[in-house]
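Undergrad: Test case, fold it:
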Amino acid sequence: MNKEHSMELEGSVPNTHGGEMKGHKLIQEVCSHTDVPNDLLNAELKFLIKKKNFNEEHLTLDQLRELLAEYLQDILLEAKKDLAV
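TA: Model prediction:
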């Protein structure tokens, strides 16, 4: 297992300056690797960050995982409601 893969498994995302990527840079990095429009995903994440009282500037990978899980759950619940109608 290479070092980069090992760090991802441990819950940190390396940045170009060493250390762990956090906050806005982490959000931008994740958003850039999805097919979801960046402005939509950014808006949803900011809403959930405020809802959870997380600090956006110091958001960790574990906190982002929690937010993305909640975002996905919300989408699935909405889809289920739409299918029931």
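
Undergrad: Distance check, the residue nearest the centre of the chain against residue 55.
TA: Nearest to the geometric centre of the chain sits residue 64, at 3.9 Å (CA atoms, centre = their mean). Distance of residue 64 to residue 55, given as CB to CB, to the nearest Å: 12 Å. Where you see a C-beta, it was placed from the backbone N, CA and C, and this is true even at glycine.

Undergrad: Now do the contacts for the residue nearest to the centre of the chain.
TA: 26, 27, 30, 45 (CB atoms under 8 Å, 6 or more residues apart in numbering).

Undergrad: Could you identify the longest helix within the chain?
TA: Criterion DSSP state H: the longest helix present in the chain is helix 61-84.

Undergrad: average model confidence for that helix?
TA: With pLDDT averaged residue by residue, helix 61-84 scores 92.

Undergrad: ok, and for it, which residues are buried?
TA: By neighbour count, with 16 or more other CB atoms under 10 Å as the criterion, the buried positions of helix 61-84 are 61, 63, 64, 67, 68, 71.

Undergrad: With residue 27 as the reference, measure out to the residue lying closest to the second one once chain neighbours are set aside.
TA: I take that to be residue 63. Leaving out its chain neighbours, the residue that sits closest to residue 63 by CB to CB, 6 or more residues apart in numbering is residue 54, at 5.2 Å. As judged by CB to CB, residue 54 and residue 27 stand 11 Å apart.

Undergrad: who has more neighbours, these two?
TA: The residue with more neighbours, out of residue 54 and residue 27 and counting by other CB atoms under 10 Å, is residue 27; that gives 21 against 18.

Undergrad: got the phi/psi numbers for residue 37?
TA: Main-chain torsions, residue 37, degrees, to the nearest 10: phi -50, psi 130.

Undergrad: Nothing else from me, thank you.
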